[in-house]
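Any chance you could fold what I've pasted below:
(one chain, ligands or ions: 1)
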Amino acid sequence: MKKLDFLKMGFEKRLYQKKVWLLSIAAILLPSSENTMRLARLPYTIRREDGEVFFIDPDTSEKVVIEDADYHAPLFAKHEKINIDNTWYHGIEGTITTTFGIYLLNRVVFWEAVKELAPYMNHLIEAKHVSGLISKLMVDNPLPGESIPEGKASVDQCLRISTQANYLEGFNEIWVKSGSVQALTVSKEVIALRERLFKEKADQLHDPVVAADVIKQVVDADYEEQMKGDSADFFIDKKFIDNARKKMFLVFGLERDFETGEFRLIKSPLNEGWDKEHITHLINTAVSASYDRGKSTGEGGADVNDLIRLTSRMRVAEPDCCSVVGEEIVLTESTFKGWVGSYYLEGGKPKPILSSSTNLIGRPINMRVPQHCQTKDGDFCVTCCGNALGGNENGLSAEVTNIATVFMLIKMKNAHVSKVDTVRLRLEDLLE
Ligand SMILES: [Zn+2]
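Modelled structure (predicted):
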C-alpha cells in the first residue's frame, strides 16, 4: 500500500481521533515493550520492524507494508505536500496541493466540529480565520423543539472547535522544534555585521536614531536566519527575536538613563556577560521591568474592576431608539472598514454603512453613536451601537472593560518588552 492511500483510509475511518494512531504516523515511536503493546492494541497503527513500515489489517490479521515509507523518518511530516480532491474533503474543486499539517487541522478541528459548514482552508490558519468562521456560523443553541437554521452551527458545535484544537495542541511537542542549533546560538555572520556597524558608526552611536537603526539591521539579519532555521515555527511572535533574542544574543539595546532621561546604548548582550560599565542601567532596567510591571498590573486590574461594576448591567435593549442626534465623522480610507455595520443619519433616518458604501469616504456624515442614544434606563440600541457591538445583548460591558485592559497591556509592554525603534511616518496619516 502507498502511504497516501493509507492516510486517506485512516482519515475516512476517523482514526485521527485516537492519539496513538496519530502519533504513530507523525513520529517515530521507540521500540519499547510498552509502545509496542500500545500500538498493537489499536488497529491500523503504524509500526516499524526490521526495516519495514507496516500496519496490521484487523480484518485479515495480515501485515500490510507501506511501500514508499522511509524507515528512518515519520510517515508524514507537518509541511509535507500532498495532493487532495473532494474525496478527501468536501467542496474542493479539482485537485489541490496542500500540506499534511493543514489537512489535519481542517479535518480534525473544523470538519469534526461543524462538518460540511467549514470550507477547506488551504493556507496558514490563524486566529482570525477561526474567529471569522465562528462569527459566520454560530447561532444560539436550539431550545427543545427548535432546529438550527440551515448553514448555521450551534454554540455547542462551535465550542467543539476549541475542544478539537486543544486535542491537537499536545502534538506541538513533536511538530515544533523549540531547541535547534539556530535557536540556541547566534551565527558568526550576524555578530560580524554587528561589529562592522558599531565600528562604522562609532562616532554617531550617542544618537539614539543611529543606534536604533544599527540594532534594527542586526536584529533583521538574525530574524532572517531564524526564519530559515529548524525552529522557524517556534517563533510565533516577532518579540521572541527582536526583544528576547536581541537582549540575550545580539545587543542589549538602548535603555533610558533613569537620572538624565537620555538613551544609552548597551552594546553587549547578556550571554557576553554583564557590562560592568553599565551595571546601574542593566539593574535599573531589570528592576523597572519587574516592579513597574507588577504595579501597573495591579492598577490595570483595579480599573477593570471599576469598569465592570459601572457597566455590567448595560444591555442592548432595542433595535432603534430613533435618536436624531449623531456625531459628525469624516470617514477615510483607513478608518472606513471599522465603521461598516454602523448607521448614519440621512434626512433624519438611519442608514447602514455597507462594505460597498465607499462613496461615503471623504465627506462629513452624521453618525449614530452610543453617547447620543435615547434608550431608557442607561441601556443602548442596536442602531447607535452598530451591528457588530449591538449584535450581542450583553456584550457592551466586555467591550468597555477592554479599554482598561489595553491600557494595562501598554504599560506592561512598556516595561517588559521594551525596545527603541525608528519608524517612518507619513505626514498625511498624522494629519488625517
Ligand atoms: Zn440609540
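
Now do the buried residues in the top helix by length along the chain.
Counting residues, the longest helix found in the chain (DSSP state H) is helix 279-311. Buried residues in helix 279-311, counted by 16 or more other CB atoms under 10 Å: 281, 282, 284, 285, 288, 289, 293, 296, 300, 303, 304, 307. C-beta coordinates here come from the backbone N, C-alpha and C atoms, glycine included.

Packing partners of that helix?
Identification of packing neighbours for helix 279-311 by 3 or more CB pairs under 8 Å, 6 or more residues apart in numbering; DSSP states H and E yields strand 253-256, strand 263-266, helix 396-416.

now the longest one and helix 279-311, what's the angle there?
This means helix 396-416. 170 degrees (axes from the mean of the first three to the mean of the last three CA atoms, to 10 degrees).

Show me which helix or strand of the protein is least confident by mean pLDDT.
The helix or strand of the chain with the lowest confidence, counting by mean pLDDT, DSSP states H and E, is helix 427-431 at a mean of 71.

beta partners of residue 48?
residue 53 (DSSP bridges).

check contacts around it.
Residue 48 makes contact with 28, 29, 31, 54, 71, according to CB atoms under 8 Å, 6 or more residues apart in numbering.

What of residue 16?
Per CB under 8 Å, 6+ apart, neighbours of residue 16: 10, 22, 104, 107, 108.

Just the ones of these in helices?
The helices, defined by DSSP H, take in 10, 22, 104 from the contacts of residue 16.

Nearest to the ion, out of those: which one, please.
Distances from the ion to those, taken as CB to the ion, are shortest for residue 104 (46.7 Å).

Pull up the gap between the closest one and residue 88, please.
In this view, residue 104 and residue 88 are 11 Å apart by CB to CB, to the nearest Å.

just residue 132 next, same as before
As defined by CB to CB, residue 132 lies at a distance of 23 Å from residue 88.

Mind checking what secondary structure residue 70 has?
coil (DSSP: H, G, I helix; E, B strand; the rest coil).

what sits against the closest residue to it other than its chain neighbours?
Leaving out its chain neighbours, the residue that sits closest to residue 70 by CB to CB, 6 or more residues apart in numbering is residue 53, at 7.9 Å. By CB under 8 Å, 6+ apart, the contact list for residue 53 reads 46, 47, 65, 66, 69, 70, 71, 75.

List buried residues within those.
Of those, these count as buried by 16+ other CB under 10 Å: 46, 47, 66, 69, 75.

Enumerate every residue touching the closest residue to residue 118 other than its chain neighbours.
Nearest residue to residue 118 in three dimensions, chain neighbours excluded: residue 110, at 3.6 Å (CB to CB, 6+ apart). By CB under 8 Å, 6+ apart, the contact list for residue 110 reads 118, 121, 133, 161.

rerun at 7 Å
Listed by CB atoms under 7 Å, 6 or more residues apart in numbering, the contact set of residue 110 reads 118, 133, 161.

Done for today, thanks.
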